[in-house]
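1. no sequence on hand, only this structure:
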């Protein structure tokens, strides 16, 4: 194995972030758990390179470029740099065993790099179409990778998976407005803010703006419609995978309930799911199956 080169940045990506990702859970078929864990570690570590630590934008982009080079190296049967051994050793085996689509993994890196550039330059999304385009790289590849593992490749299922994943990404945005604005990340598009008469000050923590409430409400309702359009996929996939997806869908919808319970003022308070939500999610998942 190659000796890792000296680090040129101060990002130190941890690999134990399992808070919001049902990775390798007991619902997943045992034979797929190593592959799902490898995909998760790849994505989580790249996300940390983009977000964690005190590196500047240039250092983060350089780290992501090195990370991409390692991905392309193992995909072509070459040695990786050794800098992220915990990620690329298991991922290399999963690429071989499951023929994972490398372009989908590369799309995730494109999204992380886009986040870095947008944050560094205070770049805003012009309209909601541009925001959805971002989701095609930041979220949709994860769903498509999982469907690949389950052998689901038909166009209708892929489209519904994209809707679920984009909805989850958007729900996360509207859940995290208070966190993102404080970090200089603005996911509400310029067009939508203008249409609702929302100024930057309206999304600060001390705001009581009714226009901002209407903006987040509109976004939450759109995300709900998108999730519901993709939800039938969860009822078509059999076995453990279907149950896992039902819980994912219901988790997203439950978060929308919590956003609504805050009167959509997520720039003031960040809602979150707790263990007390689990029975409700399970009941809703069963209801989906009965329906």
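-> Yep, it's here. Computed from a prediction, not measured in an experiment: that's the story for all the values here. Numbers count the residues shown, from 1 in each chain.

2. burial of residue 194, as a residue count?
-> As a burial measure, the neighbour count of residue 194 was computed by other Cβ atoms under 10 Å and equals 11. Where you see a C-beta, it was placed from the backbone N, CA and C, and this is true even at glycine.

3. what's residue 255 sitting at in phi/psi?
-> Dihedral angles phi and psi of residue 255 (degrees, to the nearest 10) take the values phi -60, psi -40.

4. and it, how many residues sit next to it?
-> When counting by other Cβ under 10 Å, one arrives at 21 neighbours for residue 255.

5. shouldn't it be in contact with residue 170?
-> No - under the criterion of Cβ atoms under 8 Å, residue 255 is not in contact with residue 170, lying 10.7 Å apart.

6. following the helix or strand that residue 246 is a member of, which helix or strand comes up?
-> Secondary structure assigned from DSSP states H and E places residue 246 in helix 239-261. Using DSSP H and E, the helix or strand that follows helix 239-261 in sequence is helix 278-290.

7. show me what counts as buried in that next one.
-> 281, 284, 285, 288 (16 or more other Cβ atoms under 10 Å).

8. the first one and residue 255 touch, don't they?
-> Going back to what we said before, that points to residue 281. No - shown here, residue 281 and residue 255 do not form a contact pair, counting by Cβ under 8 Å, at 10.5 Å.

9. and the residue nearest the centre of the chain, its phi and psi?
-> The structure's the chain has its C-alpha centroid closest to residue 139; by Cα atoms, centre = their mean the separation is 4.7 Å. Listed backbone geometry of residue 139 is phi -130, psi -50, with angles given as degrees, to the nearest 10.

10. next one: the one 4 residues further on
-> Backbone dihedrals for residue 143, given as degrees, to the nearest 10, come out at phi -60, psi -40.

11. can you report how many residues neighbour it?
-> In terms of burial, residue 143 registers 24 neighbours under the definition other Cβ under 10 Å.

12. distance of it relative to residue 75?
-> Between residue 143 and residue 75 the distance is 21 Å, computed by Cβ to Cβ, to the nearest Å.

13. with residue 183 instead?
-> Per Cβ to Cβ, residue 183 is found 32 Å from residue 75.

14. just the buried positions in stretch 70-87, please.
-> So for stretch 70-87, counting by 16+ other Cβ under 10 Å, buried means 70, 71, 74, 75, 80, 81, 83, 84, 87.

15. now the third one: closest residue in space, sequence neighbours ignored.
-> Residue nearest to residue 74 in three dimensions, not counting chain neighbours: residue 92, with 4.2 Å by Cβ to Cβ, 6 or more residues apart in numbering.

16. what backbone torsions are found at the one you found?
-> Backbone torsions for residue 92, taken as degrees, to the nearest 10, come to phi -60, psi -40.

17. that one is in contact with residue 73, isn't it?
-> No - Residue 92 lies out of contact with residue 73 (Cβ under 8 Å); the separation is 9.1 Å.

18. who touches both of these two?
-> When contacts are counted by Cβ atoms under 8 Å, 6 or more residues apart in numbering, residue 92 and residue 73 have residue 80 as shared neighbours.

19. returning to what we had before: with respect to pLDDT, which of the buried residues of helix 278-290 ranks lowest?
-> Taking pLDDT as the measure, the buried residues of helix 278-290 have their low point at residue 288 (86).

20. next, the contact list for that residue, please.
-> Residue 288 makes contact with 231, 234, 235, 246, 249, 250 under the criterion Cβ under 8 Å, 6+ apart.
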